[in-house]
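K.L.:
build the 3D model from these lines:
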Amino acid sequence: MNVVELLRLELRTRTPQSVASALSRLIHAGTIPAGAKLPTIREVASGLQMSPTQVGEAWTLLARAGVVRTEGRRGTFVGVERLEPASPRFWQASREVGAYAIDLGTGTPDSELLPDLGPALARLANTAMVSNYLEPATLPTLDRLLRANWADLFDPEAVVIVDGALDGLDRICRELVRYGDRVVVEDPALPTIFDVVESNGGIALGVGLDEEGVRPDELARALRSDPVLVILQPRAQNPTGVSMSPERAADLARLLRDSSAIVVEDDHTGAVASAPPVTLSAWLPTRTLHVSAFSKSHGPDLRLAAVAGPLPFISAVHTAPYGAGVVQPPAAVGAARPAARPGHQPPGGARPRRVPGAPPPAGGGARPPRRHRRRQRRVQPLGAGGGRGRGARTSPSTGSGCAPAGRSP
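P.N.:
All right, here's what the predicted structure looks like:
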């Protein structure tokens with residue numbers, strides 16, 4: 001087992017936070033077993049072409065979290081056992097599947113109410129599909145249909161097709177969340193949202209809801225902790241069923257205007273939601289990612305969702321190391337632990353943001369940080385460069401259900 005080589009394959013940026021996050025993922029996946037001795041800081045620094053100070057900072061972050069332990073001259077050792085491959089949150093919510101006449105805990109649609117996709121799928125056999133790497137990998141008809149559905153809400157700069165809403169959330173967190181970053185999550189919320197946040201090294205901050213959505217006073221308190229993401233379920237929030245009102249969306253947007261947090265909207269119910277669609281993109285177009293899923297309306301087996309938003313974000317989601325999403329800018333088609341309570345201010349004040357499109361608190365324009373600028377040069381709009389196949393990755397767990405995120409006084 002060559003820890004340095006494993007880290008080199010896992011890393012995409014060379015920062016203390018990314019090294020800590022990558023090593024944590026390898027340990028929790030069981031790739032690096034509990035009790036294993038880690039290379040010295042100088043060995044890791046040399047292998048990754050980083051400074052010993054940077055690697056030492058990563059080791060310190062991991063030691064504080066209990067992931068590794070230092071034993072003086074004996075060295076540094078892995079201090080945690082491998083996590084279970086599937087979080088117990090979802091399985092605890094669904095362990096008695098079939099025991100109820102109507103089970104609302106898993107969020108699975110009734111198969112008797114789903115449309116018959118047979119005729120539509122049969123037509124695909126006679127349809128000319130993508131035949132080379134220079135063609136848009138997302139069917140132009142699908143892209144136009146998605147944009148038509150969003151026409152009254154927002155006009156996204158780019159669209160990426162992913163393997164379901166959870167795959168989209170996982171990709172976003174992998175790109176924008178670093179080890180120890182705080183992420184605002186509704187409390188209670190979909191259990192797998194906590195799984196995705198924590199599997200990417202984030203710390204969930206729970207915020208309460210009322211009949212109109214997330215409470216502004218709770219969000220204001222959470223923003224003092226300098227979160228990198230705010231994950232919202234704008235319609236049919238799981239498990240409360242609350243749908244956000246336009247007035248509440250405007251209130252939340254005003255609070256978020258002076259922060260650098262990125263808004264991620266998980267519209268998991270999609271076309272079967274009884275409430276009208278709402279998005280914060282109307283107020284925060286450069287900092288909102290909207291995830292539209294089709295599992296509830298067309299069937300869970302499709303595992304299909306669309307993520308829309310600013311091109312720098314969507315390009316980053318597209319180039320995430322797992323999944324099979326494909327960026328679709330307009331030009332290419334011609335036209336789920338209990339949540340921590342907020343309120344903790346990180347030492348030294350607010351951290352510099354590492355995400356594209358986030359304006360400084362005082363206002364004015366901002367360009368993406370260096371690592372995102374490099375990524376944007378590598379990712380060409382479809383129709384202008386080659387493509388690469390990617391293997392699908394299973395999200396930490398699938399499904400939904402109630403996961404009350406405990407509160408501390």
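
K.L.:
which stretches of the stretch 51-200 of the chain form helices?
P.N.:
Applying DSSP state H, counting those that start in this stretch to the stretch 51-200 of the chain gives helices spanning 52-64, 88-93, 118-124, 140-150, 165-176, 191-199.

K.L.:
tell me which element Thr31 is part of?
P.N.:
Secondary structure assignment for Thr31, by DSSP states H and E: no helix or strand.

K.L.:
which residues does it contact?
P.N.:
Shown in contact with Thr31 (C-beta atoms under 8 Å, 6 or more residues apart in numbering): Leu6. Heads up, the C-betas are built off the backbone N, CA and C, glycines and all.

K.L.:
switch to 10 Å and redo it
P.N.:
Thr31 makes contact with 1, 3, 6, 10, 23, 25, 82, according to C-beta atoms under 10 Å, 6 or more residues apart in numbering.

K.L.:
likewise Val272?
P.N.:
Applying C-beta under 10 Å, 6+ apart, we find Val272 in contact with 109, 113-114, 235-236, 294, 296-298.

K.L.:
quick one: it from Ala293, how far?
P.N.:
Using C-beta to C-beta, to the nearest Å, Val272 is found at 10 Å from Ala293.

K.L.:
and for Ile161?
P.N.:
Going from Ile161 to Ala293 by C-beta to C-beta gives 11 Å.

K.L.:
what does Arg123 give?
P.N.:
Counting by C-beta to C-beta, the gap from Arg123 to Ala293 is 23 Å.

K.L.:
then Gly30?
P.N.:
Using C-beta to C-beta, Gly30 is found at 30 Å from Ala293.

K.L.:
what about the two, which has more around it?
P.N.:
Ranked by neighbour count (other C-beta atoms under 10 Å), Gly30 and Ala293 place Ala293 first, with 26 against 12.

K.L.:
and that one, how far from Asp267?
P.N.:
Distance from Ala293 to Asp267, by C-beta to C-beta: 7 Å.

K.L.:
mutual contacts of those two, please.
P.N.:
The contact sets of Ala293 and Asp267 overlap at 165, 305-306 (C-beta under 10 Å, 6+ apart).

K.L.:
for those, give me CSV that also has distance to Gly66 and neighbour count.
P.N.:
CSV is the format used below for those (distance: C-beta to C-beta, whole Å; neighbours: other C-beta atoms under 10 Å):
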residue, distance to Gly66, neighbour count
Ala165, 31, 31
Ala305, 34, 25
Ala306, 38, 28
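
K.L.:
where do the strands of the protein begin and end?
P.N.:
If DSSP state E is used as the criterion, the strands of the chain fall at 68-70, 76-78, 158-162, 182-186, 203-207, 209-210, 213-214, 229-232, 262-267, 288-293, 305-309, 326-328.

K.L.:
just tell me which of those strands ends up closest to Gly35.
P.N.:
Closest to Gly35 of the strands of the chain is strand 76-78 (C-beta to C-beta; 6.0 Å).

K.L.:
residues in contact with the nearest residue to Asp267 once chain neighbours are set aside?
P.N.:
Using C-beta to C-beta, 6 or more residues apart in numbering and skipping residues adjacent in sequence, the residue nearest Asp267 is Ser292, 5.1 Å away. Taking C-beta under 10 Å, 6+ apart, we find Ser292 in contact with 146, 149-150, 159, 165, 168, 265-271, 277, 304-308.

K.L.:
can I have the buried ones of those as a PyMOL selection?
P.N.:
In PyMOL syntax, the buried subset of these is picked out as below (16 or more other C-beta atoms under 10 Å):
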select buried, resi 146+150+159+165+168+265+266+267+268+269+270+277+304+305+306+307+308
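
K.L.:
neighbours of Arg287, how many?
P.N.:
Arg287, neighbours per other C-beta under 10 Å, totals 26.

K.L.:
can the strands of the chain go into TSV with extra columns for mean pLDDT and distance to His318?
P.N.:
Compiled in TSV, the strands of the chain are given as follows (pLDDT from 0 to 100; distance: least, C-beta to C-beta, whole Å):
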stretch	mean pLDDT	distance to His318
strand 68-70	87	33
strand 76-78	91	33
strand 158-162	88	5
strand 182-186	95	21
strand 203-207	92	25
strand 209-210	96	32
strand 213-214	96	29
strand 229-232	97	18
strand 262-267	96	16
strand 288-293	93	12
strand 305-309	91	9
strand 326-328	44	4
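
K.L.:
can you add distance to Asp251 and give these back as TSV?
P.N.:
Formatted as TSV, these follow (distance: least, C-beta to C-beta, whole Å):
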stretch	distance to Asp251
strand 68-70	43
strand 76-78	45
strand 158-162	28
strand 182-186	15
strand 203-207	13
strand 209-210	12
strand 213-214	9
strand 229-232	13
strand 262-267	13
strand 288-293	15
strand 305-309	21
strand 326-328	32
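
K.L.:
quick one: closest of those strands to Ala250.
P.N.:
strand 213-214 (11.1 Å).
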